[in-house]
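A.B. asks: Output the structure for:
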Amino acid sequence: MNILVTGGAGYIGSHTCVALLEAGHSVIIADNLSNSKRENVEKIMRLVDKEVTFYEIDVTDEEAVDVIFRNYNIDGVIHFAGHKAVGESVEKPLDYYCNNIVSTIVLTKACKKYDVRRFVFSSSATVYGDNTVPFVESMNLLPTTNPYGETKAMSERILTDIAKSNPAFSVSLLRYFNPVGAHESGLIGEVPSGIPNNLMPYVTQVAKGNLKKLQVFGNDYPTVDGTGVRDYIHVMDLAEGHVAALENLTEGVHIYNLGTGKGTSVLELVNAFEEANGIEVPYEVVGRRPGDIASCYADVSKAERELGWTAKRDVISMCWDAWRFEKNNFLRLPTMLNR
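C.D. replies: Got it, this is the predicted structure:
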C-alpha cells in the first residue's frame, strides 16, 4: 500500500516508517520539521535501503495536503503530526486546539475527496483522564486534565462521526502510552527540542552531563514509590503496532490500547537505566506538573486478540537502545542538541 505518514520525520513517525517499509509498503512523509529534522528521512532510507517521498508541509495547510493526494494514489493515512506536550498544552491551549484538530479535519476532508478509506490515528492514553487503571478501550472517557488530551479526544470523535456517515471509511484509533527507546541500530531515536518534556530523553541528557539533574515531578502520588506510574513501551513495538492496525483494518471504528500492560514508576525507570548502562542519574523532586495523573497503564488484551500484536521488548531493552542512540549520535557532538 501507499501510505501517507504525517509527522513521519518525528520520533514515533520515523520508526513507524521503518516498520512500514520493512513490511513492504511505500511511504510518503509529510512533516513541517517543527520537532524533527530532515536528516531523519535520509536515515530511514539508509536503514531499509528504499526510497521515501518527503513533503515539507504543515498538514493544517489544506492546499498543500491536496497536492499530495492529487499526485499519489494514497491507500491509507497514519496521522502523527501534532503538538504533544501535556504541560505546554496547559500553557498554550489555543495552539494545541488549532494545530491538532485542524490537521485531523484537513486530512479527513482529503480522504473523503480522494476516496481514501484507511485512517490510523495516533491518539493517546491521555483521553482516559483520571480513570481506573488498567485502562480498557470500552471505558467511558472522563474529561481529560489537559488541552492536549482534549485535542486527542476531539479528533477521535471527529473520526468516529465521519466513519458513521461513511460506512466504507475504516478508522483505527490507537491509544498509546509512553514510547521510549530507539531503533536497535542506534541510527534514529528521540531528539526533542530544548529541555525534554518526556522522561527518557531527560534521563539521557542528565546521563550525558548536558543537564545537572533530573527533575522528578512529585513524589506524593498514591503509587509504589510516590512518583508517577506510566506504561512505557519500546518505540519499535509501538511502530509495529501501527503496521498491524493498518494491515488488519476493516470497515468501521476500531480502538486499541498499545502498551505493555505494566506500570513503571519514574524512579523505577531511572533505576533501570542506571542498571542497564552503568551510569548514575542524579535527580531532585519538585512539585507536581500541571495536568499529570498518578497512574496510567493499559489493558492490551484487545490488540493481542484482534491484531495479533503484543509488545516484545522490556524496560531494560528500552534503556539500552535509548542510550545506544545517544552514544552513536551525540556524545562526541553535544552542540548538535542545541541546533
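
A.B. asks: residue boundaries of the helices in the stretch 151-300 of the chain?
C.D. replies: For the stretch 151-300 of the chain, applying DSSP state H, counting those that start in this stretch gives helices covering 199-208, 235-247, 266-277.

A.B. asks: gap between the two ends of stretch 107-119?
C.D. replies: 9 Å (CA to CA, to the nearest Å).

A.B. asks: what distance separates it from the centre of its chain?
C.D. replies: 22 Å (CA atoms, centre = their mean, to the nearest Å).

A.B. asks: Check what pLDDT the closest residue to P143 other than its chain neighbours gets.
C.D. replies: Closest residue in space to P143, ignoring its immediate chain neighbours: G129 at 5.6 Å, by CB to CB, 6 or more residues apart in numbering. Every residue, glycine included, has its C-beta placed from N, CA and C. G129 carries a pLDDT score of 85 in this model.

A.B. asks: For D49, find the nearest of the helices of the stretch 151-300 of the chain.
C.D. replies: Shortest distance between D49 and the helices of the stretch 151-300 of the chain, using CB to CB, is found for helix 235-247: 17.7 Å.

A.B. asks: Quick check: mean pLDDT of that closest one?
C.D. replies: In this model, helix 235-247 has an average pLDDT of 98.

A.B. asks: List the buried residues in that helix.
C.D. replies: V235, M236, D237, L238, A239, E240, G241, H242, V243, A244, A245, L246 (16 or more other CB atoms under 10 Å).

A.B. asks: any idea how far the spatially closest residue to A207 that is not a sequence neighbour lies from V216?
C.D. replies: Excluding the flanking residues, the one nearest A207 by CB to CB, 6+ apart is I279, at 4.8 Å. Remark: distance between I279 and V216 (CB to CB, to the nearest Å) = 17 Å.

A.B. asks: Those two: which has the busier surroundings?
C.D. replies: A count of neighbours by other CB atoms under 10 Å puts V216 above the other of I279 and V216, at 20 against 15.

A.B. asks: Mind telling me what element F54 is part of?
C.D. replies: Using DSSP states H and E, F54 maps to strand 53-55.
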